[in-house]
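*Asks:* Have a look at this prediction, sequence included:
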Amino acid sequence: MVCSPNIVKIAVIGGSGLYNLEGLEVIEEVNPETPWGFASDKIVISRLPSGNKIAFLARHGRGHYLTPTEVPVRANIAALKSIGVEVIIAFSAVGSLREEIPPCDFVLPDQLIDRTRGLRPSTFFGEGLVAHAGFADPFHAGLSDLIAKHESALEFGAKLHTKKTAVCMEGPAFSTRAESHMYRSWGGDVINMSALPESKLAREAEIAYQMVCMSTDYDCWRENEEAVTVETVMMNMGNNGKNAKNLLHAILPDLEEAVTEGTLEPKIKGSMRFSGMTAKEKRNPETVRKLEYILPGYY
Ligand SMILES: CSC[C@H]1O[C@H](OP(=O)(O)O)[C@H](O)[C@@H]1O
Ligand SMILES: Nc1ncnc2[nH]cnc12
């Protein structure tokens with residue numbers, strides 16, 4: 001029997017080098033049309049040993065055909081929300097801006113610097129409905145703590161670093177050396193092209209979101225060292241992909257329990273309920289209708 005997909009609470013977004021979850025029984029693939037279009041690829045729903053389900057979405061599509069700027073992030077988040085997702089673990093290949101984060105180490109950032117350039121739709125709001133999400137802490141502390149407990153699942157001598165700052169740049173070209181030095185001076189620890197608007201849209205959709213960064217290179221700030229290339233990134237993606245799966249399999253039992261029992265803190269569900277600013281009579285009915293898809297009954 002095919003179960004209803006409408007109770008998949010945990011999702012994984014896979015980035016560069018992580019295009020599927022192996023070793024799980026795939027139940028079905030879904031591709032809902034959201035008010036913001038279709039997701040990057042079909043969402044693959046698998047059964048966990050416990051009987052619970054998990055959703056997987058390849059950020060750039062399976063086969064990696066979307067640039068970071070082209071990823072339909074609103075559709076991705078809305079589609080996950082529509083199948084019941086409450087928690088997202090998002091994997092991302094990152095450049096390291098710190099000596100102590102070598103390639104193959106993992107990082108759980110707790111802060112974020114936005115260096116995207118306004119090319120990506122980055123909110124579900126606007127067009128006749130103004131609302132503001134709290135985003136002081138862009139990642140989920142409870143999820144981060146839960147993941148950090150499983151550092152020992154990492155192979156190849158990889159370490160897991162917590163409470164770091166990620167920089168999200170536009171791309172697709174990598175940074176200049178001057179930019180890389182600037183990000184270090186700003187306090188950036190790792191850099192990618194994917195943390196935004198993904199984390200922000202997850203917050204607007206009331207989904208608990210933690211990015212798991214997998215270091216692939218030292219970007220281009222090290223004097224007299226070769227700057228990052230796709231070749232460097234690919235070289236380390238094999239080990240990182242294996243460790244991503246190791247980590248995921250280690251955290252899932254705790255994560256399933258926390259999600260089932262509703263013990264993850266802080267609570268994200270309900271955080272948008274009083275976020276709206278627009279007077280009822282001034283709200284655009286079309287926008288209200290679209291928002292019903294992610295925040296039913298709120299506006
Ligand atoms: C392949 S290097 C640049 C690319 O890698 C990261 O992708 P993802 O976050 O999906 O793993 C980074 O954000 C860039 O998009
Ligand atoms: N150096 C880098 N800059 C931006 N995104 C990246 N993803 C992996 N390495 C990166």
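*Replies:* Alright, I've got the coordinates. Ligands and ions are numbered 1, 2, ... in the order given.

*Asks:* thought Asp189 was touching Leu108?
*Replies:* No: the criterion here is CB atoms under 8 Å, and Asp189 misses it with Leu108 at 10.8 Å. Placement of C-beta: from N, CA and C, glycine included.

*Asks:* Common neighbours of these two, please.
*Replies:* Common contact partners of Asp189 and Leu108 (CB atoms under 8 Å, 6 or more residues apart in numbering): His161, Lys164.

*Asks:* need the contact list for Ile268.
*Replies:* Per CB under 8 Å, 6+ apart, neighbours of Ile268: Glu86, His140, Arg203, Glu206, Ile207, Ala208.

*Asks:* Quick one: the strands in the stretch 1-150 of the chain, in order.
*Replies:* Along the stretch 1-150 of the chain, counting by DSSP state E, counting those that start in this stretch, strands occupy 10-14, 25-30, 43-47, 53-58, 87-96, 106-115.

*Asks:* quick one, which of these is nearest to Arg184?
*Replies:* Of all the strands of the stretch 1-150 of the chain, strand 87-96 sits nearest to Arg184, with 10.3 Å by CB to CB.

*Asks:* quick one on the thing from earlier: rebuild the strands of the stretch 1-150 of the chain as TSV, extending it with distance to ligand 1 and mean neighbour count.
*Replies:* Output for the strands of the stretch 1-150 of the chain, formatted as TSV (distance: least, CB to the nearest ligand atom, whole Å; neighbours: other CB atoms under 10 Å):
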stretch	distance to ligand 1	mean neighbour count
strand 10-14	8	26
strand 25-30	20	14
strand 43-47	16	20
strand 53-58	9	24
strand 87-96	3	26
strand 106-115	12	21
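
*Asks:* Turn those strands into TSV, columns for mean pLDDT.
*Replies:* Shown next, in TSV, are these (pLDDT from 0 to 100):
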stretch	mean pLDDT
strand 10-14	98
strand 25-30	95
strand 43-47	97
strand 53-58	98
strand 87-96	98
strand 106-115	98
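
*Asks:* before we move on, back to that, of all the contacts of Ile268, which two lie farthest apart?
*Replies:* Spatial extent of those (CB to CB) is set by the pair Glu86 and Arg203 at 12.8 Å.

*Asks:* Those two - which one has more neighbours?
*Replies:* Arg203 (23 against 18; other CB atoms under 10 Å).

*Asks:* thought the more buried one was touching Tyr209?
*Replies:* Yes: using CB under 8 Å, Arg203 is in contact with Tyr209, at 6.8 Å.
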